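# How does the following fold in three dimensions:
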Amino acid sequence: MRWLPALYVGVILAVEPVTPVQWPVSFLLIALPVVAAYAHGPVAVAAITVFAVVFEGVLAGTPCCAGRSLGYLWDRYYVFTYVSTALVGVLGAILAAHRIRRERTLASVRSVAETAQQVLLSPVPRRLGQVCVETLYLSAAAEARIGGDLYEAVPCNYGIRLLIGDVRGKGLVAVETAATMLGAFREAAHDEPDLVAVAHRVERSMTRRAAQLPGSEVAERFVTAVFAEIPDHEPVVRIVNCGHPPPLLIGRDGVTELDSSDPSPPLNLGVLVGDDYHVDVRRFRPGDQLLLYTDGVTETRDRDGVFYPLTDRIRSWGPLSPRELLDHLHKDLLDYSGGRLDDDTAALAAYRDPG
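The predicted structure is shown next:
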């Protein structure tokens, strides 16, 4: 964009010698200040406006340009062009100043959004007993759009309890809902004896939260989530899946999707469908790795609109540590989508140390 004014002038220079005398292509320089306003500041636009006026005079008074004589330099039509270019230059400087002000405002909003997301998703300890935990969060490409993707890992008397979730919708309401859910989970993880009780307690908090929302928001606000529990002295993982994409188990037997045998409804919808939460128990041996993720991963598309094949990709990478796995996933998502993610993405990897 910064070279757009130079390109514009180059086009005019290329067209000017081949046009008839009756077609004064130099009049096109009137638009040059506005073109410059797309990429430059007010001072640069003012300088480019002065250049445009001088260049118009050069083109009007140069005999070799379309056979003109010096008499055209002060022809009334050209004088009108000089004045018009100067006025457009003033407009361009105003537009450039407004653009810069909007860019600074947008940068500030982005900073606030990132800070809010960082406060919401507090850092997870990288080692919890026998389990190594790593996390990944990628913001969507849409400017200043705060998402409701969330994750947490809590060590408690029952082992390590993990959570990953995705709040329906975006913006501050989604962030408030995510904060409510995380607060409820952090308390319930310590107090409740099993994952079903944890899910019910979080459900009650979400229902109270939904009741405070206006109008149709009560029925529409729900959260898909996966609760997981890794006991300290059992080679298993317990999972409650509430309408969320299934976790992946990466181990000596390959990569396996841990589909729920009895899927549970998303949080805040259980009271509507009258269903309960079901626990699946899967083997989770030393050296195995559990990957929890939001649908921002699997719904990433390439240029042809094909969804990201997460399971196949991970199978092709071979054994990786949790940090290497998430870093590789981050890079691969950006490459697959052409550098543009249309949804927020969160992932959490938990690795049971063989030692």
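
# From now on I want contacts and neighbour counts done on CA atoms only, so please keep to that.
OK.

# where do the helices sit along the stretch 201-350 of the chain?
Under the criterion DSSP state H, counting those that start in this stretch, the stretch 201-350 of the chain contains helices at 217-220, 270-273, 295-298, 310-317, 322-337.

# which of those sits most buried?
helix 295-298 (a mean of 20; mean count of other Cα atoms under 10 Å).

# Now do that one: everything it contacts.
Defining contact as Cα atoms under 8 Å, 6 or more residues apart in numbering, one finds that helix 295-298 is touched by 166, 244-245, 307-310, 333, 342-346.

# change it to 10 Å
138-140, 149, 165-166, 224, 244-246, 307-311, 329-330, 333, 341-347 (Cα atoms under 10 Å, 6 or more residues apart in numbering).

# of those, buried ones?
When these are checked for burial by 16 or more other Cα atoms under 10 Å, the buried set is 138-140, 149, 165-166, 224, 244-246, 308, 310, 329-330, 333, 341, 343-347.

# In strands only, show me these.
Of the buried ones among the contacts of helix 295-298, the ones assigned to strands by DSSP state E are 138, 149, 165, 166, 224, 345, 346, 347.

# Tell me who's in contact with the residue nearest to the first one when sequence neighbours are not counted.
For residue 138, the nearest residue in space outside its immediate sequence neighbours is residue 345; the separation is 5.0 Å by Cα to Cα, 6 or more residues apart in numbering. Contact partners of residue 345, counting by Cα under 10 Å, 6+ apart, are 136-140, 147-150, 166, 293-300, 330, 333.

# For residue 125, see how far away residue 345 is.
Note on residue 345: its distance to residue 125, by Cα to Cα, to the nearest Å, is 20 Å.

# Residue 44 too?
Distance from residue 44 to residue 125, by Cα to Cα: 50 Å.

# Please look at residue 5 and residue 35 and confirm they touch.
Yes: between residue 5 and residue 35 there is a contact under Cα atoms under 10 Å: 6.0 Å.

# tell me, what's touching those two both at once?
29, 45, 48.

# packing partners for the helix or strand hosting the last one?
Element membership for residue 48 (DSSP states H and E) is helix 42-61. For helix 42-61, the elements it packs on are helix 4-15, helix 32-37, helix 76-120, judged by 3 or more Cα pairs under 10 Å, 6 or more residues apart in numbering; DSSP states H and E.
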